[in-house]
Each structure stands twice: as C-alpha cells, then as structure tokens.
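Novice: Below are the sequence and a predicted model; questions follow.
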Amino acid sequence: MKSSFVGQAVILAALALLPSAGEAIYFRDKISWRSAIAPSEMVTVEQARAWGENAIWVDARPDEEFARDHVPGALLLNEDRWNELVPQFLAVWSPGKKIVVYCSSLSCNASREVARRLRKEAQLPDVFVLEGGWEAWMKKNR
Amino acid sequence: MNQTPNAERPILSVESSAGATTSNIKHRTSNIFWRILDFVLAGIFIYAGALKASDPVQFASDIDNYKILPWTVSVALAFYLPWLEIFCALGLVFRFLYRGALSILTAAIVVFTLATIAAKVRGLDITCGCFGHASQNWSFPSHLATNLAILAALLALLFKVASQNRLRNAV
C-alpha cells in the first residue's frame, strides 16, 4: 500500500516537471538563475561607466563601508537610514538619469532591495543593479 | 403450522431491505461529503497554483524571503511547485493518482507550515506567497489557521483512503 502512495507521488512529481520546464523557458529573460534580479535590470561596470554623466551611482552598503571608500560621485542610500537619505537622493535625481545601485559583492542583497524600493516606493524608472557590486567595480578600476 | 416461518420471512426481508436502504443512503451521503472535500481542496490548490504559476518571479522572491534556500533553488521551486499543486489538485478531482496527490499535498502543506513558523521564530516579516498577491496582507495567525485547516482536511482524506485500502486487503 505504501508503495502505491510513493509510486503515484513519483509519477505526479515527474508530470509536473513538463509544464514547469516550459514555463522556465518562457520566463528565461524575466528572471535570473544567478541572482534575484532580472537580466534586464542588471548592468555591468563597463555599461554603467559608458553612461557617464547620465548615471547616478547609489551606494547601498552600510555607512562605515561607504565612508571607507566608494565609487566617485556615488550617493549613500542604504536601508538602515532609508527615510533620512531618500529625500537627499531625490534632490539630486532628475528625469532621464539612469540609477546604478551597488552593494559589496555579487551575493549581497542590499542593492537589489534598494533598487526594488526605488522602483516601487519612489516610482523611479531606469533603476539598475551593478553586477558584482563594489568588488566588480574595484577589479575594473585597479 | 408451516405458515409461521413463511409469514415471518417477508417481514424480515422488508426490515433487512429497509436497513440496507438506510445504510446505502448513509454511505452515499458520506461519499458525497468526501467528494465535496476533494473538490474544495482541489479548488484551493488550483487557485493557489495558478496564481503562483502566473507570476513565478514574485513567487521566487517570496520563497527567497524565507532565507532558507539559495536563490537558484528558489527559482527552480517557483517554476515547479505551482504545477505540482495544480496536477495534484487535478488528481483529487479526477481521482487520477489520487493517493499520490494526497501524499504530496499533505507533505507540501506540512513543509509550508513549518517554514512559516520557522520564519516567524526567526523574526522575518514575510509574505507567505501561498496565494500570490492575494495573501500579501495575511497575518501570521490567519496564515497558520488556513494551513492547519487544509492539513486537517488532507489528513482526513488520507486516513479514509488508507482505511479503505486496509478493508479491501482484508476482504
């Protein structure tokens, strides 16, 4: 009897693989398997640098890390002091500018969260997350 | 003299047929009840599965919020779990791979409930993602109560199937 439960469960589990594989292919451009950001919302160091003056760099790391070093001209905007820092950021932002948010490395979440809040709460367009974060920027600028 | 047993026979026959009819009605009512439970549970899981399958990006993010699994696994589950729920729900409706469907749904609801409790204990303020955006504003107690109600219904169906099997094997 136990084997019939398990056998049927295995068949169902295998059947569900088919549509989920189809859906994964359909959504391949909308979701990244490497990080929680869609490929269209990611930007590499080279791409962001090419935007030049048209980009606003946002540092989503904690205050101490920002104070230690940061991308030249970057603005501090982290979740710890979100309410305090957002007005300062909005004073600098102007329509048409692209926003590049970064945190420490590829695995950090802060840039993704700040980017999400800028999009949803501040309703800003053109918000991108820097692939590889501060680590990637340092590598390209050594 | 010989008439007495013969005269009693029709009475016994009427009584036994009345008893059988009552038992049949009870049996049929009970069957209808279990079928309704099947349909209600199937409806819940089809609704939940369809909502999540329509927005796997959001569901992956909801799974990731539990901070239990790596992102890649969250994405894989976001594509897979909604369809598994839908297939199992269809299994309940059409009685196709019925026991397997019940087992998977029971296991899934136990895992969801434990993950929700673990998240609460760890102080994570998260949306469960169980019903996509519809469950975004659910409080922890209502979320837990819904899960436990579904679990109770699934367990009732599982026990019923298991006892039917036992009876069949005994015969």
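Specialist: That came through, no problem.
Novice: For the rest of this, base every contact and every neighbour count on C-alpha atoms.
Specialist: Fine.
Novice: what helix or strand does the closest residue to chain B within chain A sit in?
Specialist: Closest to chain B within chain A is A:A9: 3.9 Å, counting by C-alpha to the nearest C-alpha. Using DSSP states H and E, A:A9 sits within helix A:2-26.
Novice: Need the contact partners of that helix.
Specialist: Outside helix A:2-26, the residues that touch it by C-alpha atoms under 8 Å, 6 or more residues apart in numbering or on different chains are B:79-80, B:83-84, B:87-88, B:97-101, B:103-104.
Novice: What about those, which one has the most neighbours?
Specialist: For the contacts of helix A:2-26, neighbours were counted using other C-alpha atoms under 10 Å in any protein chain shown, and B:C88 has the most, 31 neighbours in all.
Novice: That one touches B:I104, doesn't it?
Specialist: Yes - if you go by C-alpha atoms under 8 Å, B:C88 and B:I104 touch, sitting 7.4 Å apart.
Novice: which residues are in contact with both of those two?
Specialist: With C-alpha under 8 Å, 6+ apart as the test, B:C88 and B:I104 reach no residue in common.
Novice: Could you give the number of residues near A:S40?
Specialist: 12.
Novice: before we move on, what SS does it have?
Specialist: helix (DSSP: H, G, I helix; E, B strand; the rest coil).
Novice: Next: A:V58.
Specialist: Assignment for A:V58 (three-state DSSP): strand.
Novice: Tell me who's in contact with it.
Specialist: Counted by C-alpha under 8 Å, 6+ apart, A:V58 has contacts A:A74, A:L75, A:L76, A:L77, A:I99, A:V100, A:V101, A:Y102.
Novice: again, only using 6 Å
Specialist: In this structure, A:V58 makes contact with A:A74, A:L75, A:L76, A:V100, A:V101, judged by C-alpha atoms under 6 Å, 6 or more residues apart in numbering or on different chains.
Novice: Any idea what it is bridged to?
Specialist: A:L75, A:V101 (DSSP bridges).
Novice: Look at it and report its pLDDT.
Specialist: Per-residue pLDDT puts A:V58 at 96.
Novice: Quick check: it vs A:A122, distance?
Specialist: A:V58 sits 14 Å away from A:A122 when distances are taken as C-alpha to C-alpha, to the nearest Å.
Novice: repeat for B:F79
Specialist: Remark: distance between B:F79 and A:A122 (C-alpha to C-alpha) = 30 Å.
Novice: Same question for A:E131.
Specialist: 22 Å.
Novice: Have a look at these two and say which one is more surrounded.
Specialist: A direct count of neighbours by other C-alpha under 10 Å for A:E131 and A:A122 places A:E131 higher, at 26 against 12.
Novice: Could I get the phi/psi values of the closest residue to that one other than its chain neighbours?
Specialist: Counting by C-alpha to C-alpha, 6 or more residues apart in numbering or on different chains, A:T44 is the residue found nearest to A:E131 once chain neighbours are left out, at 5.2 Å. Dihedral pair for A:T44: phi -90, psi 170, per degrees, to the nearest 10.
Novice: Tally up the residues packed near A:T44, please.
Specialist: 17.
Novice: was I right about it contacting A:V129?
Specialist: No - with contact defined as C-alpha atoms under 6 Å, A:T44 does not count as touching A:V129 (8.5 Å).
Novice: Next to chain B, which bits of chain A? Give me the list.
Specialist: Along chain A, the residues adjacent to chain B under the rule C-alpha under 6 Å from any C-alpha of the partner chain are A:F5, A:Q8, A:A9, A:A16, A:S20, A:W33.
Novice: Select only the buried ones of the residues you listed in ChimeraX?
Specialist: Entered in ChimeraX, the line below selects the buried ones among the residues of chain A next to chain B, by 16 or more other C-alpha atoms under 10 Å in any protein chain shown:
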select /A:5,8,9,16,20
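Novice: export the residues of chain A next to chain B to a markdown table and tack on pLDDT?
Specialist: As requested, these are exported to a markdown table (pLDDT from 0 to 100):
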| residue | pLDDT |
| --- | --- |
| A:F5 | 83 |
| A:Q8 | 92 |
| A:A9 | 94 |
| A:A16 | 96 |
| A:S20 | 96 |
| A:W33 | 80 |
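Novice: which of the residues of chain A next to chain B lies closest to A:V114?
Specialist: Nearest to A:V114 among the residues of chain A next to chain B: A:W33, at 20.0 Å, using C-alpha to C-alpha.
Novice: low pLDDT regions in the chain?
Specialist: If you meant another chain, say so; for now it's chain A. A:1-3, A:35-39, A:106-107, A:142 (pLDDT under 70).
Novice: oops, I was thinking of chain B
Specialist: Across chain B (using pLDDT under 70), the flagged ranges come out as B:1-20, B:22-23, B:124-137, B:171.
Novice: which one is the residue positioned nearest the centre of chain B nearest to, not counting chain neighbours?
Specialist: Against the mean C-alpha coordinate of chain B, by C-alpha atoms, centre = their mean, the closest residue is B:L154 at 3.6 Å. The shortest distance from B:L154 to any non-neighbouring residue, by C-alpha to C-alpha, 6+ apart, is to B:T106 (6.0 Å).
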